[in-house]
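Visitor: Below is the sequence, then the predicted model.
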Amino acid sequence: REENVVYDSSTVELRVVGETYGAAHVDESATDASAEGALCNCGDGSSRCNCEGEVCLIEQRGYYLDDEVSNCEEGGGVAAIIYDDVERPLFTPCCSHSIPAALISWVDGQHLVEHGLGEVVSMTSSASLQFSSEALHSRRVCLPEGDYNFAIYDYHFAFFDNRGDGICCDHGEGHYNVTSNGGLIAQGGEFGSEEVTRFTLPFEPVPDEGF
């Protein structure tokens, strides 16, 4: 039930020339961070941005947001603003970023392209992902099929726990399932600090041959 996951985007403040824009926090980008700089057009963010000391403005065209934020960061950008025509583009986080990043609407993005480039942008991000207790939380992510870099596995699912006692059973009966098209990829709850499952797509469950 995807609606049970609450994204607190109200604490992402984005201002351009004194005007405030509605923005949502990008997963794995810096939180409790502030940035300020001139707005720089980074195109679709598919390559390194030449925005040293500036705020990258990126048009989302189907690339992973992780790569787009990385290309901004590697080019010296102090923050990233990504705009798209959907409320929240899917994001596949693989690593954390030291710069804040925010998602805005397509309309606001086009307005900034036409009227905001070169203007001073200030961004403050303190977004957090909040979960209610004793509820089912789910998140759906679209992943492409393929045998990238000729690796045996395309992906890995990792579950980390800071306290080192998993999600079951000292403080409740927590558990998780990872599925693809109805097939069970991984499940668990009792583990220490982390549990990792590697898999490839399309996922083909191992048949239960019985005895």
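Guide: Yep, it's here. Numbers count the residues shown, from 1 in each chain.

Visitor: Tell me where the longest strand sits in this protein.
Guide: strand 33-41 (DSSP state E).

Visitor: Go through that strand and flag the buried ones.
Guide: Judged by neighbour count (16 or more other Cβ atoms under 10 Å), strand 33-41 contains these buried residues: A33, A35, G37, L39, C40, N41. Glycine gets a C-beta too; all of them are placed from N, C-alpha and C.

Visitor: Using CSV, write out every CA atom in that strand.
Guide: Extracted C-alpha coordinates of strand 33-41, given in CSV (Å, rounded to 0.1, in the frame of the first residue of the first chain):
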residue,chain,number,x,y,z
ALA,A,33,21.7,21.0,4.4
SER,A,34,21.6,24.4,2.8
ALA,A,35,23.0,25.7,-0.5
GLU,A,36,23.0,28.9,-2.5
GLY,A,37,24.3,29.8,-6.0
ALA,A,38,23.4,31.0,-9.4
LEU,A,39,21.0,28.7,-11.3
CYS,A,40,22.8,26.8,-14.1
ASN,A,41,21.2,24.9,-16.9
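
Visitor: what sits up against that strand?
Guide: Residues outside strand 33-41 that contact it (Cβ atoms under 8 Å, 6 or more residues apart in numbering): 16, 49-51, 53-57, 77-79, 81, 99-100, 112-113, 116-125.

Visitor: circling back to that earlier point, and the buried residues of strand 33-41, which is closest to D165?
Guide: A33 (29.9 Å; Cβ to Cβ).
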